[in-house]
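**Student:** model this:
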Amino acid sequence: MSGVSEGRAPVAVVGGGGFGQGIARAAARQGLEVLLWSRSPRNLEGVKDTTSFVEVARAGLIFLAVPSPFVEAVAGEMGQQLDGRHYLVHVSRGLVGDALEPISLALRRVTPCRRVGALGGPLVAEALRDGTPSGAVVGTHFPEVADAVRAALGSEALRLYDTMDLVGVEVASAMVGLLALGVGYGRAAGAGPAALALVLTRGMAEAARLAPSLGADPQTLSGLAGHGDLLAVMAGDERPEVRLGRALAEGRSLDEAAREAGAHIEGVKLASRLAAHAERLGLEAPICRTIVDVLEGTPAQDAIRALMARDAGTE
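**Tutor:** Down below sits the predicted model:
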């Protein structure tokens, strides 16, 4: 690894889970000074552990890698040390609360930072950690934020694109997270390629119906943030959502499955909120409803039969 770049502000990562560690490793490979904020030290080569948000505030670009239920608390505390000079980019696959608030809006609400973004697409912690070929999309209204993310993470192995539809990236990431759970469940329950293709295709159509009500452009779901991410799931990237779905289909309880997945899965609570949101608006959301049934313990065959009965619309 090359030496730490002189005269450049460090990059900070808030959250010491798998994704946070992956981002920290990727930035360190770029020769940057990297700060990793976590409750306990991770001892990564070339990365400085910290528990101080004062230290984090030395960075110009801050990646937020904490699950959506904890975003407001962590960002609110961190925000006391930040100002409008800082760039905030999150990697969550969730939406905040029953109102399904995009995390970018929550960050602007609880911190003084205005230049925010979201990192999405077919990017998993293992690819970041190991530097294997991958791609991602940065959603932001600010070109300088996208440029900063490229400088921190971009390489011959990691191709980074950008879009102005920030909320679209967030909604796409959330919906693909839900569908990835369904992939893991369906495979373990014996669903074949045709059945999975049906569910995923209809799932993305469902996401496109929901997108405008959440402030997103449905076309964003057709790009790297949506279909590109979903293709990675089908290709077998073994992300935590897939592991959770598989464990549920194998008869684990939700708590046991979550431990086996090894990460906080945003979709566990998001599914019921999206289903309720769709119902309030009179929108069809059979995939979300079926995932809720699965999470509540409905047997696989019953869930599949119910889905086939619900999803009888036109293409």
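**Student:** output the contacting helices and strands for the longest helix anywhere in the chain.
**Tutor:** As assigned by DSSP state H, the longest helix anywhere in the chain is helix 166-188. The contact analysis (3 or more Cβ pairs under 8 Å, 6 or more residues apart in numbering; DSSP states H and E) places helix 166-188 against helix 103-110, strand 115-120, strand 134-140, helix 193-210, helix 229-234, helix 240-249, helix 267-281, helix 286-295. C-beta: built from backbone N, CA, C; applies to glycine.
**Student:** tell me what angle it forms with helix 267-281.
**Tutor:** Angle of helix 166-188 versus helix 267-281, following axes from the mean of the first three to the mean of the last three Cα atoms, to 10 degrees, is 110 degrees.
**Student:** would you list the helices and strands packed on helix 166-188 in CSV and tack on mean pLDDT and distance to residue 181?
**Tutor:** Formatted as CSV, these follow (pLDDT from 0 to 100; distance: least, Cβ to Cβ, whole Å):
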stretch, mean pLDDT, distance to residue 181
helix 103-110, 97, 19
strand 115-120, 98, 17
strand 134-140, 97, 21
helix 193-210, 92, 11
helix 229-234, 95, 10
helix 240-249, 93, 4
helix 267-281, 93, 5
helix 286-295, 90, 6
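**Student:** so how far is residue 157 from residue 134?
**Tutor:** To residue 157, residue 134 is 7 Å away according to Cβ to Cβ, to the nearest Å.
**Student:** kindly apply the preceding question to residue 121 instead.
**Tutor:** As judged by Cβ to Cβ, residue 121 and residue 157 stand 14 Å apart.
**Student:** thinking again about what came up before, possible to save the helices and strands packed on helix 166-188 as JSON lines with mean neighbour count and distance to residue 222?
**Tutor:** Formatted as JSON lines, the helices and strands packed on helix 166-188 follow (neighbours: other Cβ atoms under 10 Å; distance: least, Cβ to Cβ, whole Å):
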{"stretch": "helix 103-110", "mean neighbour count": "20", "distance to residue 222": "21"}
{"stretch": "strand 115-120", "mean neighbour count": "26", "distance to residue 222": "14"}
{"stretch": "strand 134-140", "mean neighbour count": "25", "distance to residue 222": "12"}
{"stretch": "helix 193-210", "mean neighbour count": "18", "distance to residue 222": "8"}
{"stretch": "helix 229-234", "mean neighbour count": "21", "distance to residue 222": "11"}
{"stretch": "helix 240-249", "mean neighbour count": "24", "distance to residue 222": "21"}
{"stretch": "helix 267-281", "mean neighbour count": "19", "distance to residue 222": "19"}
{"stretch": "helix 286-295", "mean neighbour count": "24", "distance to residue 222": "17"}
